[in-house]
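# model the following, please.
(one chain, ligands or ions: 1)
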Amino acid sequence: MARREIQTSIWNPDVECMDPEAMRTLQGERLIKCVHYMYERVPYYAAKMKAAGIVPGDIRSIDDLPKLPFTDKFDFRDNYPFGTLAVPREEIVRFHASSGTTGRMKVVGYTRNDIALWTECMCRSMARSGVEKGDMVHIAYGYGLFTGGLGAHYACDPMGATAIPVSGGNTPRQIQILREWKPSVIMCTPSYMLHIADEMNAMGVGLDEIQLKTGIFGAEPWTKEMRDQIEEKMGIRAFDIYGLSEICGPGVGCSCDKSDLIHLEVDHFIPEVVDAETGALLAEGELGELVFSSVTKEGTPLLRYNTHDLTRLFHGKCECGRTTTRMEKVTGRADDMLIIRGVNVFPTQIEAVMLTYCEVEPHYVIYVDRVNNLDRMTVKVEMTSAFFSDSIKDIERIEKRLADDIASITGIHAKITLCEPRSLPRSEGKIKRVYDQRFTT
Ligand code: DLL
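You can find the predicted model right below:
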């Protein structure tokens with residue numbers, strides 16, 4: 001079925017299409033203000049600056065940013081719950097939090113201005129993805145401490161769009177709403193979109209019964225191959241929205257209709273990409289860890305916060321007319337990287353190979369364990385219903401071909417097991433794809 005037309009727009013052309021030099025000046029001014037603000041109000045960051053022998057006066061322009069010390073998830077852990085706040089708790093109108101690998105939640109406080117700033121950024125993302133006045137927006141990101149649901153929700157009002165706060169879960173009800181209320185926009189994780197698509201198919205709900213035109217997906221790594229599958233299965237355009245709780249939630253950036261790269265809201269969140277080992281600043285186009293300075297936030301501002309997400313940055317004007325820095329799709333974070341027999345492997349590398357096969361579905365799980373001191377990787381992936389009915393010989397043939405193709409990309413030979421359709425676990429939010437049993441007792 002042909003996709004419905006979408007009309008994208010530029011929410012804030014003054015900023016999104018700003019002359020790059022003027023943007024750097026603006027960033028510099030905001031950075032200088034933020035450094036003073038943090039130094040005076042946030043003891044843990046003042047201590048870091050003192051330890052690095054830096055005073056606020058040392059930061060005179062955007063070029064001085066690399067002089068500043070990094071922040072990390074450990075700063076949230078060490079200052080849990082409210083020690084990262086730059087304002088008295090009474091000025092915070094909302095908290096969000098995300099669970100971290102440190103075992104303690106990363107708690108982020110928003111003042112009224114912070115909520116307004118977040119909303120502005122979300123409006124930019126949504127306009128970029130084809131949301132217009134009058135659209136009905138089905139929000140299937142979770143509502144709660146997770147930022148997905150409420151972040152999307154608050155932008156609907158200024159856009160003149162209607163929010164449907166469905167939240168995640170209860171898939172039959174999601175489908176009922178898609179079919180009976182006919183929203184034009186959906187927002188959820190890409191893995192949940194695929195699950196909804198499969199359930200629609202199983203229930204015999206056709207694309208002619210729904211009226212979605214666009215989807216805004218994020219909160220987890222996903223490949224271009226996964227995007228193509230979503231666009232085809234749902235008959236929509238699929239956009240990539242990026243964000244993290246510590247910086248504001250969704251809306252730190254979003255792709256446009258002219259490229260796969262993600263435009264970042266650089267007037268508020270100054271990006272850098274640094275070498276994972278040395279922390280040295282990397283040049284345009286080099287792969288490294290993404291670092292943000294959220295220079296206009298009041299509640300929990302952060303300077304040089306290392307997200308550990310891996311990407312590359314690109315400057316220069318986009319075909320869509322925007323001039324803001326863009327980043328490559330985040331295909332994983334340094335924490336997601338598996339080291340198998342000394343070789344670095346990202347789950348998204350495996351996904352990209354598998355999704356080129358018409359015999360399998362984009363539902364997979366990766367297990368890693370250790371047998372006789374040797375790492376072993378097993379990938380379970382679902383077959384399509386059509387292929388499932390084929391003979392055992394064909395199944396073995398595809399398993400071998402997949403294993404060979406994955407080995408040629410990653411350098412690791414994985415055991416591939418094709419499973420029955422609809423047999424692997426599904427997710428209603430962020431999906432867990434990797435089960436690493438090597439480090440569990
Ligand atoms: O996932 C915020 C969000 C909600 C983004 C809804 C987009 C849509 P956290 O739970 O703090 O916040 O997780 C942040 O998720 O550092 C990335 O590793 C990953 N992530 C988020 N968006 C993308 C994306 C939300 N578009 C962490 N592509 C980030 C790849 C993403 N990874």
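# average pLDDT across stretch 307-323?
Mean pLDDT, stretch 307-323: 97.
# what does stretch 65-73 give?
97.
# quick one: contacts of it?
31, 35, 45, 48-49, 51-52, 54, 58-59, 100-102, 106, 246, 270, 272, 279, 281, 291, 293, 302-306 (Cβ atoms under 8 Å, 6 or more residues apart in numbering). Backbone N, C-alpha and C define where each C-beta goes, glycine included.
# can you count the residues close to I406?
22 (other Cβ atoms under 10 Å).
# in what helix or strand does it lie?
helix 392-410 (DSSP states H and E).
# what sits against the residue of the stretch 301-441 of the chain found nearest the ligand?
Relative to the ligand, the nearest point of the stretch 301-441 of the chain is V330 (3.8 Å; Cβ to the nearest ligand atom). By Cβ under 8 Å, 6+ apart, V330 lies in contact with 221, 242, 262, 290, 309-311.
# quick one, phi/psi of it?
phi -80, psi 120 (degrees, to the nearest 10).
# report pLDDT for it.
93.
# from the ligand, how far off is G215?
12 Å (Cβ to the nearest ligand atom, to the nearest Å).
# quick one: that residue is in a strand?
Yes. Counting by DSSP: H, G, I helix; E, B strand; the rest coil, G215 is part of a strand.
# in terms of contact, does it touch I236 like I think?
Yes. Contact status for G215 versus I236: in contact at 5.0 Å, counting by Cβ atoms under 8 Å.
# chain center to the top helix by length along the chain, what's the gap?
Criterion DSSP state H: the longest helix present in the chain is helix 20-41. A distance of 26 Å separates the centroid of the chain from that of helix 20-41, by Cα atoms, centre = their mean, to the nearest Å.
# now the helix or strand following it against helix 20-41, angle please.
Counting by DSSP H and E, the element after helix 20-41 in chain order, helix or strand, is helix 43-51. Orientation of helix 43-51 against helix 20-41 (axes from the mean of the first three to the mean of the last three Cα atoms, to 10 degrees) gives an angle of 100 degrees.
# buried residues in helix 43-51?
45, 48-49 (16 or more other Cβ atoms under 10 Å).
# likewise for stretch 8-26?
Buried, per 16+ other Cβ under 10 Å, within stretch 8-26: 8, 10-11, 15-18, 23-24, 26.
# restrict these to those near the ligand?
Here nothing survives when these are matched to the ligand using Cβ under 6 Å from any ligand atom.
# quick one on the thing from earlier: list the buried residues of the helix holding I406.
In helix 392-410, counting by 16+ other Cβ under 10 Å, buried: 395, 398-399, 402-403, 405-406, 410.
# give the next helix or strand downstream of it.
Criterion used, DSSP H and E; the element after helix 392-410 is strand 415-419.
# what's the next helix-or-strand element following that following strand packed up against?
Next helix or strand after strand 415-419 toward the C-terminus (DSSP H and E): strand 434-436. Contact here means 3 or more Cβ pairs under 8 Å, 6 or more residues apart in numbering; DSSP states H and E; on that basis strand 434-436 packs against strand 360-371.
# give me the sheet partners of the strand it packs on and which way each runs.
strand 374-383 (antiparallel), strand 434-436 (parallel) (DSSP bridges).
# tell me the mean pLDDT for the first one?
This means strand 374-383. 94.
# would you mind getting the angle between that strand and strand 415-419?
30 degrees.
# residues in contact with strand 374-383?
338, 340-341, 345, 350, 354, 359-361, 363-370, 395, 402, 406, 412, 414-424, 438.
# quick one: buried residues of that strand?
375-377, 379-383.
# and for G285, the neighbour number?
Residues near G285, counting by other Cβ under 10 Å: 11.
# about what we covered before: for the helix holding I406, name the packing helices and strands.
helix 347-354, strand 374-383, strand 415-419.
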